[in-house]
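Student: All I have is the shape, not the residue letters:
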């Protein structure tokens, strides 16, 4: 892995971790605005707890060393959660202000996954 790819990987991964951790914490606290936004999208409020826990656990999985299979699952979860969020905002015709954040996290997920080092890929020997 070239030095520039490693730098891009860590920048994308740390921004992804920050975004997922912060939104996961917000979802666990369930402020009124977040509950209203979730209901506006057509989802039940209890989904916030599920997503919040999964996001926080996913951040841990992506950042800890080794456990490549667990990382694959975390990246897949991030991909499905963020693509689902973006599509949900598009379907209800929300503006770019609501649609862009999950698209950004989706892009960071893909960049981090694509550029991850060999030691963080399934099938690697540690």
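Tutor: Right, received. Where do you want to start? Since the model is a prediction, treat every value here as computed from it, not as a measurement. Residues are numbered from 1 along each chain as shown.

Student: which secondary structure elements does the longest helix anywhere in the chain contact?
Tutor: When the chain is parsed with DSSP state H, its longest helix is helix 3-29. Judged by 3 or more C-beta pairs under 8 Å, 6 or more residues apart in numbering; DSSP states H and E, the packing partners of helix 3-29 are helix 47-63, helix 96-115. For glycine as for every other residue, the C-beta is placed from the backbone atoms N, C-alpha and C.

Student: Now it: buried residues?
Tutor: Under the neighbour-count criterion of 16 or more other C-beta atoms under 10 Å, helix 3-29 has 9, 12-13, 15-17, 19-21, 23-24, 27 buried.

Student: and what of stretch 60-77?
Tutor: Result for stretch 60-77 [16+ other C-beta under 10 Å]: buried residues 61-62, 68, 70-72, 74-75, 77.
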